[in-house]
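Student: Sequence first, then the predicted structure, then my questions.
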Amino acid sequence: MNVIKTLTAQRLPFLRKTSIRKNLWGYLFLAPEVIIFSVFLIYPILRGLLLSFMEYNVEGSKWIGLQNFINIFKDDLFLISLKNTTFYTIGVVPVGIILALFFSALIFPLSARPQTFFKSAFYLPGVISGVVVALTWSWIMDPEVGLLNYLLSLVHLGPYQWLSHPDTALLSLILINLFSGQGGSIVIILANMTSIPLSLYESAKIDGSNEWHLFRYITVPLLKPTILYLVVMGIISSYQVFDSIYVLTKGGPMNSTTTIAYLIYQEGLGSFEFGKASAIATILLVIIFILSVIQFRIFKEEK
Amino acid sequence: MRASGIYKSTKILIYTLLTLWAIVIMVPLYWMITSSIKPESTLLTIPPELFPEHITFKHYITMFSVDLVPRWLLNSCIVTGFIILLSIFFDSMAGYSYAVIKPAGHKIIFIIILGCMMVPDQIRLVPVFMLVKNLGLYNSYPALILPFAGSVFGMFLIRQYMRSINIEMIEAAKIEGCNELGIYAKIVMPICKPVIAVNAIFFFVGTWNSLLWPLIMTSSSEMRTYTVGLATFQTNNPTLYNYGVVMAGATISALPIIVLFLTLQKYFTKGITLGAVKE
């Protein structure tokens, strides 16, 4: 009898009394969050994917297959937004990470106190809201009375139109992003640098390597997972850039700063083109997914 | 410590470069605060006045003369407070279940939810907007709070932390007749204080600063959060708009975050490395 009992208990662990109780407690603890996520996360994602194959109407939606996607790829504004977003990402992510690596390498040899000081100083601008940062830059980049044109005039440059000219608007947004300090990346890089064994540097020094060699052939290769993380996260967030565009340019002048995320907002909540907006969002999802996979592949091969 | 190995001249160069970068990225903050207290007479002068000679709080008074500004601040406080409380509560309960109780099927649920973190927010924009309208929640506090009453990343951090808790302690409590609720409340939560502090700070900064979601969840000016009100200030108050007033508005928004950062720096740096450093 006992043997049978243990056998069933092993085979079907969920039939055990303690197991049932354990599961009940487990689900009870999961319930609030699973309900929230089901309603506001999982269901909307699925609905969004479905909507991109539909023509939305208040009376009822109609399945139209790939028509939204066909329309989108014929739409100049979408292609412009794709180009703008890609340009923005190329301007923001690699330069940002190079800056972060450079300053991390400078901070690393310092003693604990100046390390903490510079880390905090670089990180502070990054925690201020995008709206505040954007408003401040709109004042600094004012073509007539702004601080930036004044400072440049001291070295006989400018004046530039910055955000109000189609040639410089996107570039200005990139500059604003880069000047947010790169503190987050620096903190992450430094935390990972401390885990590199010092003995590696010491033996390389004995072999006669200089500081640049140490950085190039020890630090950077060992930081590869960290750099990959920063590249992936950077691309994901810069492909979704919205706040600074909403505050500063609203996509203008002449659509020169319309990004994918801003276009989705405009189509979805400005013109209530729910199907079209969802289809663009689906394309954004696919782009981010493909870029992440490519990056993981590249880094894996190099390993 | 490799510091001993560096020559003095390189050390000076390092400090110079780091200080320069710190100054460059602090300029916008400095300019925002000083512009907010400059009288109009010196605000737009060329060359710009780098160090304000006369100080005035007139722009702050103008800002608060806009009827809705106190209401926006109140909205931000209500929304931020509820989101912090609810998500800490729900995230930690779920984290406890994933890390300690581990009911049947918890792995699959966990993976599905974690997978959603990779999906860009934009895909949910229209569906959540429609859902909130259909539920009759549009333009209300629940619309600003409920969709964010749990955070995948927050839950993930708490779960990671709980996994490092000594299981024997929990087993001992169980033998003494403590049920899961008791263990969660009396044993696990107190241990998790550091990670909960990190979460609270990140929810505070994230919610206080957020623009896109509160923008699409509300339509009337009364329901705006402060950040949304500030972002739409120029369109709604064109007569009041000048750089001094806007910089005062921006400073009001940034001040709580700056104060929080200066007092709790450690938690900020801890939080950002928690998810990104290999143990």
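Tutor: Looks like it arrived, so ask away.
Student: Domain parsing of chain A, as residue ranges.
Tutor: Split into domains by automatic domain parsing, chain A comes to A:2-51, A:72-302.
Student: Adding mean neighbour count and distance to B:Pro28, write these out as CSV.
Tutor: Bear in mind the C-beta positions are built from the backbone N, C-alpha and C, glycine included. Shown next, in CSV, are the domains of chain A (neighbours: other C-beta atoms under 10 Å in any protein chain shown; distance: least, C-beta to C-beta, whole Å):
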stretch, mean neighbour count, distance to B:Pro28
domain A:2-51, 16, 34
domain A:72-302, 18, 5
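Student: which one of these lies closest to chain B?
Tutor: Closest to chain B of the domains of chain A is domain A:2-51 (C-beta to the nearest C-beta; 2.5 Å).
Student: Find the nearest non-adjacent residue to residue 130, please.
Tutor: As the question left the chain open, I've gone with chain A. What sits nearest to A:Gly130 in space, not counting adjacent residues and going by C-beta to C-beta, 6 or more residues apart in numbering or on different chains, is A:Asp243, at 3.2 Å.
Student: The chain in question should be chain B.
Tutor: The shortest distance from B:Met130 to any non-neighbouring residue, by C-beta to C-beta, 6+ apart, is to A:Phe274 (7.3 Å).
Student: residue contacts, that neighbour?
Tutor: Contacts here follow C-beta atoms under 8 Å, 6 or more residues apart in numbering or on different chains; on that basis A:Phe274 touches A:51, A:56, A:268, B:126, B:130.
Student: State the helix or strand in which the closest residue in space to A:Leu171 that isn't next to it in sequence lies.
Tutor: Spatial nearest neighbour of A:Leu171, chain neighbours left out: A:Gly91 (7.3 Å); criterion: C-beta to C-beta, 6+ apart. Taking DSSP states H and E as the definition, one finds A:Gly91 inside helix A:76-107.
Student: How far does that helix sit from its chain's centre?
Tutor: Helix A:76-107 has its average C-alpha position 10 Å from the chain's average C-alpha position, going by C-alpha atoms, centre = their mean, to the nearest Å.
Student: and whichever helix or strand comes after that helix, C-alpha only, in CSV?
Tutor: Per DSSP H and E, the first helix or strand lying C-terminal to helix A:76-107 is helix A:112-127. Output of helix A:112-127 as CSV, limited to C-alpha atoms (Å, rounded to 0.1, in the frame of the first residue of the first chain):
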residue,chain,number,x,y,z
ALA,A,112,37.4,54.9,-4.9
ARG,A,113,36.4,58.4,-4.0
PRO,A,114,37.0,60.2,-7.3
GLN,A,115,35.5,57.2,-9.1
THR,A,116,32.3,57.5,-7.2
PHE,A,117,32.3,61.3,-7.8
PHE,A,118,32.7,61.1,-11.6
LYS,A,119,30.3,58.2,-11.9
SER,A,120,27.6,60.2,-10.1
ALA,A,121,28.4,63.4,-12.0
PHE,A,122,28.0,61.6,-15.4
TYR,A,123,24.9,59.7,-14.3
LEU,A,124,22.9,62.6,-12.9
PRO,A,125,21.8,64.2,-16.3
GLY,A,126,20.6,60.7,-17.3
VAL,A,127,17.9,60.5,-14.6
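Student: Is any residue of helix A:112-127 near chain B?
Tutor: Yes - Helix A:112-127 lies within reach of chain B by C-beta under 8 Å from any C-beta of the partner chain, at A:114, A:116, A:118-125, A:127.
Student: count of residues packed around B:Met130?
Tutor: Using other C-beta atoms under 10 Å in any protein chain shown, B:Met130 has 18 neighbouring residues.
Student: next helix or strand past the strand or helix carrying it?
Tutor: Using DSSP H and E, the secondary-structure element containing B:Met130 is helix B:122-134. Using DSSP H and E, the helix or strand that follows helix B:122-134 towards the C-terminus is helix B:141-145.
Student: Just the buried positions in that following helix, please.
Tutor: For helix B:141-145, a neighbour-count test (16 or more other C-beta atoms under 10 Å in any protein chain shown) marks B:143-145 as buried.
Student: So B:Phe233 versus chain A, what's the distance?
Tutor: 9 Å (C-beta to the nearest C-beta, to the nearest Å).
Student: is it true that that residue touches B:Tyr241?
Tutor: Yes - between B:Phe233 and B:Tyr241 there is a contact under C-beta atoms under 8 Å: 7.0 Å.
Student: When those two are compared, which one has more neighbours?
Tutor: Ranked by neighbour count (other C-beta under 10 Å), B:Phe233 and B:Tyr241 place B:Phe233 first, with 25 against 14.
Student: Excluding chain neighbours, what is closest to the more buried one?
Tutor: B:Gly249 (6.2 Å).
Student: And the pLDDT for the one you found?
Tutor: Per-residue confidence (pLDDT) for B:Gly249: 94.
Student: picking that back up, hmm, A:Ser172 and the residue nearest to A:Leu171 touching each other?
Tutor: No - applying C-beta under 8 Å as the test, A:Gly91 and A:Ser172 come out as separate, 10.7 Å apart.
Student: Geometrically speaking, which residue is the centre of chain A?
Tutor: Per C-alpha atoms, centre = their mean, the C-alpha nearest to the average position across chain A is that of A:Ser237, at 1.9 Å.
Student: just to revisit the earlier point, give the contact list for the residue nearest to A:Gly130.
Tutor: A:129-131, A:134, B:211-212, B:231.
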